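**Student:** the following comprises the amino acid sequence and a computationally predicted model.
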Amino acid sequence: QVELRESGGGLVQAGGSLRLSCSASGGTFSSYVMAWFRQAPGKEREFVAAVRWGGDHTYYADAAKGRFTISRDNAANMVYLEMNSLESEDTAVYYCAANQLGITPVADGYDYWGQGTQVTVFS
């Protein structure tokens, strides 16, 4: 069983950048597909990006393509989400998630979740 903890959220002006980090402990990190989801107030949790076990394959939601980059460091048990050109619509709680089966944009497909980190984009 893996435990996940996000960090790096905060308040940022529209057009700015943030880098979210997620640390993993308690499992074999390289055996997990890692993903980022987000949830805005009053909305369902939505997929943002995912990266396969070796980091060689990534998958993005349309809203993230071209602006966000997911990466992982298996030696450090870390996964990152680099977010650029942030917009007010990106305001949400961002969650790190993991599974051992494969990349999926469906939240129910992930077994492990962090507590979330708040990202607020202001104009």
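**Tutor:** Yep, it's here. Numbering: from 1, shown residues only.

**Student:** do a quick rundown of the strands in this protein.
**Tutor:** With DSSP state E as the criterion, the chain has strands at 3-7, 10-13, 18-25, 33-39, 46-51, 58-60, 68-73, 78-83, 92-99, 112-113, 117-122.

**Student:** neighbours of K65, how many?
**Tutor:** Residues lying near K65 (other CB atoms under 10 Å) number 10. The C-beta positions use only the backbone N, C-alpha and C, and glycine is treated the same way.

**Student:** with R45 instead?
**Tutor:** By the measure other CB under 10 Å, the count of residues near R45 is 17.

**Student:** list the beta-bridge partners for the residue lying closest to C96 once chain neighbours are set aside.
**Tutor:** Spatially, and ignoring its direct neighbours in sequence, C96 is nearest to C22 (3.4 Å; CB to CB, 6 or more residues apart in numbering). According to DSSP bridges, E6, V79 are recorded as the beta-bridge partners of C22.

**Student:** next, the contact list for C22, please.
**Tutor:** C22 is in contact with L4, R5, E6, S7, M34, W36, M78, V79, Y80, L81, C96, G114, counting by CB atoms under 8 Å, 6 or more residues apart in numbering.

**Student:** number of nearby residues for the residue nearest to the fifth one when sequence neighbours are not counted?
**Tutor:** When the adjacent residues along the chain are set aside, M34 lies closest to V79, with 4.2 Å between them (CB to CB, 6+ apart). The burial count assigned to V79 is 30, neighbours taken as other CB under 10 Å.
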